[in-house]
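Q: Here is a sequence together with a model predicted from it:
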Amino acid sequence: MQFIVVRHAATEYNEKELINGSLDDDGLSAKGLAQIDSIITNLADYSFEAMYTSPMHRSIQTAMPIAVHYDVELRQDPRISEVNLGSFNGQGWDSTIPDFGMNSSQLLSTCEYDFTPYGGESCDDTRARVQAFLDDLRKRPNETPLIVSHGGIMRWFYYLCTGEKVGRIPNASVHTFTL
């Protein structure tokens, strides 16, 4: 089964290189709002019957115009919310270097992290919820879904579907996966 994933459009946090995990939920920036038309255009060659989004504001702001344009019901699923980076949320990308030896983007790309001492979640927590979401998708093999989610979660889609660990994923980008 194939599924399509869009990373939400740009936010103020993204543009200021601030960690925008699951605790801080800013909306789309002017640049992000402008990206929605190109996302809709880039999806024209795809066919999807269902649509899922993280319940986070930036994902819903990205997903809603797509759902309206393609006349597809939008379903929210908290399992595809961004990684909880605990007290690092709202800080600069490099704020994780003293504790982890790499910036937040690099750290999320490893799929090996533990933010529980900082009030966040571990890679095992994230993997479990993303895997449960994918397992539920597998129960509908004839449905091609479109998913709007976050960079940290998209790294898990890559890892769980292809075995590859990938770097930073651009806002408003479209990706396809096979289960």
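A: All right, it came through fine. Numbering: from 1, shown residues only.
Q: centre of the chain versus the helix or strand containing residue 154, how much separation?
A: Using DSSP states H and E, residue 154 sits within helix 151-162. Relative to the centre of its chain, helix 151-162 is centred 9 Å away, using CA atoms, centre = their mean, to the nearest Å.
Q: And the strands in this protein?
A: 2-7, 50-53, 74-76, 145-149, 174-178 (DSSP state E).
Q: pull the helix or strand with minimum mean pLDDT from this protein.
A: Taking mean pLDDT, DSSP states H and E as the measure, the chain has helix 12-15 as its least confident helix or strand, at a mean of 93.
Q: Check which residues of that helix are buried.
A: 12-14 (16 or more other CB atoms under 10 Å). From N, CA and C alone the C-beta is placed, and that goes for glycine too.
Q: Against residue 91, how distant is the residue nearest to residue 36 when sequence neighbours are not counted?
A: Spatial nearest neighbour of residue 36, chain neighbours left out: residue 65 (5.1 Å); criterion: CB to CB, 6 or more residues apart in numbering. Using CB to CB, to the nearest Å, we find residue 65 at a distance of 30 Å from residue 91.
Q: Quick check: which of the strands of the chain is buried the most?
A: strand 145-149 (a mean of 25; mean count of other CB atoms under 10 Å).
Q: Which elements pack onto that strand?
A: Applying 3 or more CB pairs under 8 Å, 6 or more residues apart in numbering; DSSP states H and E, one finds that strand 145-149 contacts strand 2-7, strand 50-53, helix 57-70.
Q: Adding mean pLDDT, write the ones you listed out as CSV.
A: Listed next are these as CSV, based on pLDDT from 0 to 100:
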stretch, mean pLDDT
strand 2-7, 97
strand 50-53, 97
helix 57-70, 97
